[in-house]
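Take a look and give me a structure for this.
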Amino acid sequence: MQRIMTLCIGNICRSPLAQVLLARELPEHQVWSAGLSALVGSPADPTTVQIAQEQGLDLAAHRAQQVTSFMCQQAELILVMEQGHKAQLEQIYPQVRGKVFRLGQFGQFEIEDPYRKPREAFDTAYQGIAQGVADWLTRIRQLS
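Just a heads-up that it's a prediction; the model follows:
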């Protein structure tokens, strides 16, 4: 399991953070992010960039991209933020079934979208993302 995609809606808040956290912990893996309704070409949300910097992560080069069939084919694991994302992605690209999971699956939680909300919503999302990444790391390493 060497190719991992993280996915949210706009690809400017949650999935970029999940991407850089996974990439830091799994440097030998290929990790990228995308959105179901991406704000294509947009940088990461300024609050997301700030949280990333506070965690020693760099999102300066991030630009949002729309999920594509090719990305779905390339990914061996697709981690989404909410159950609705899984359902939507599987409806658009049925071939992804069996490799799409919620980032918070093991802790039985969803990571709500902090977009256009106060800093506290971003902090809560980051905490969920960090927990989800930690929960998945052992499993990914076992399968790699």
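
got the residue ranges for the strands in the protein?
With DSSP state E as the definition, the chain shows strands at residue ranges 3-8, 30-35, 77-80, 100-102.

Sort out which residues of the last one are buried, please.
Spelled out, it's strand 100-102. By neighbour count with 16 or more other Cβ atoms under 10 Å, strand 100-102 contains the buried residues 100-102. Where C-beta positions appear, they are placed from N, C-alpha and C, glycine not excepted.

in its sheet, what does it sit against?
strand 77-80 (parallel) (DSSP bridges).

which residues in the protein form helices?
Assigned by DSSP state H, the helices in the chain fall at 14-25, 46-54, 69-74, 83-92, 119-143.

picking that back up, closest to residue 90 out of the strands of the chain?
strand 100-102 (6.2 Å; Cβ to Cβ).

quick revisit: now, among the buried residues of strand 100-102, which is nearest to residue 48?
When these are compared against residue 48 (criterion: Cβ to Cβ), the nearest one is residue 102, at 19.5 Å.
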